[in-house]
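Chemist: Below: sequence and its predicted model.
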Amino acid sequence: MNWTCKPFNELTPNELYAILQLRSEVFVVEQNCVFLDLDNKDQYCHHLMRWQDDLLIAYTRLVPAGISYTEPSIGRVVTSPAARGQGVGRELMHESIKTLYYLWGKSSIKIGAQLYLRKFYESIGFQQTSSIYLEDGIEHIEMLLQHIV
C-alpha cells in the first residue's frame, strides 16, 4: 500500500487532478449530486491519498480545527469504485485518524457523515452527535470520535 499525505501547496498538478477526478466521479456522477465541491477549504488542508500503481483508489481531506468545526475533521472520504469491497475504506479511515493525530495531536475528531454510512463510522468509534440534516439533497449527520485523555 502506498499512502501519501501532503498539504495543498505541495500537491503536484497530477495529484490534484486525480483527487478532483475521484471526488467528481463519486460525489457528483455516482451519487447524482450537483454541488460545488471546490469550497475554498482544500487550501488549508492536508490531503491523504492511497495509490495503487498510478491509480488513486482512496482519499480523504484532513481539515484542521477551526475550518469546518471547532475540532479537526476528516472530510471528502472517498474510495474508487474499482477498489470497493476490499476493506480499503476502513484502512482509509484508520490511516486518516492516525495521520490527523500525527499532524495536530490527539484530540476529538468531528465529521459530517452521509446517514447511510452511520454504522460504518460507528464501527470505527464515531458517535452520532446531531439530528439528520440535508446537505446537497443527501441526509447527513454529525459524528464525533472522542479522544479520552
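Modeler: Done, it's in.
Chemist: Give me the residues contacting the lowest-mean-pLDDT helix or strand in the chain.
Modeler: For the chain, using mean pLDDT, DSSP states H and E, the weakest element among its helices and strands is strand 133-135, scoring a mean of 93. Outside strand 133-135, the residues within contact range by C-beta atoms under 8 Å, 6 or more residues apart in numbering are G112, E139, H140, I141. Bear in mind the C-beta positions are built from the backbone N, C-alpha and C, glycine included.
Chemist: please redo it, this time with the cut-off set to 6 Å
Modeler: Defining contact as C-beta atoms under 6 Å, 6 or more residues apart in numbering, one finds that strand 133-135 is touched by H140.
Chemist: Neighbouring strands of that strand in the sheet, and parallel or not?
Modeler: In the sheet, strand 133-135 lines up against strand 138-145 (antiparallel) (DSSP bridges).
Chemist: buried sites along the strand it pairs with?
Modeler: H140, I141, E142, M143, L144, L145 (16 or more other C-beta atoms under 10 Å).
Chemist: hmm, which two among those residues are most spread apart?
Modeler: Pairwise distances among the buried residues of strand 138-145 were taken by C-beta to C-beta; the largest, 16.3 Å, belongs to H140 and L145.
Chemist: what is the mean pLDDT for the top helix by length along the chain?
Modeler: Ranked by number of residues, the top helix in the chain under DSSP state H is helix 88-104. Per-residue pLDDT values over helix 88-104 give a mean of 97.
Chemist: What would it look like as PDB? C-alpha coordinates only.
Modeler: Extracted in PDB, the C-alpha atoms of helix 88-104 (Å, rounded to 0.1, in the frame of the first residue of the first chain):
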ATOM      1  CA  VAL A  88      -9.900   0.000   1.600                       C
ATOM      2  CA  GLY A  89     -12.500   2.300   3.200                       C
ATOM      3  CA  ARG A  90     -11.700   1.000   6.700                       C
ATOM      4  CA  GLU A  91      -8.000   1.300   6.100                       C
ATOM      5  CA  LEU A  92      -8.500   4.800   4.800                       C
ATOM      6  CA  MET A  93     -10.300   5.900   7.900                       C
ATOM      7  CA  HIS A  94      -7.700   4.300  10.300                       C
ATOM      8  CA  GLU A  95      -4.900   5.900   8.300                       C
ATOM      9  CA  SER A  96      -6.700   9.300   8.300                       C
ATOM     10  CA  ILE A  97      -7.100   9.200  12.100                       C
ATOM     11  CA  LYS A  98      -3.500   8.200  12.600                       C
ATOM     12  CA  THR A  99      -2.300  10.900  10.300                       C
ATOM     13  CA  LEU A 100      -4.500  13.600  11.800                       C
ATOM     14  CA  TYR A 101      -3.200  12.800  15.300                       C
ATOM     15  CA  TYR A 102       0.400  13.000  13.900                       C
ATOM     16  CA  LEU A 103      -0.300  16.400  12.300                       C
ATOM     17  CA  TRP A 104      -2.200  18.100  15.100                       C
END
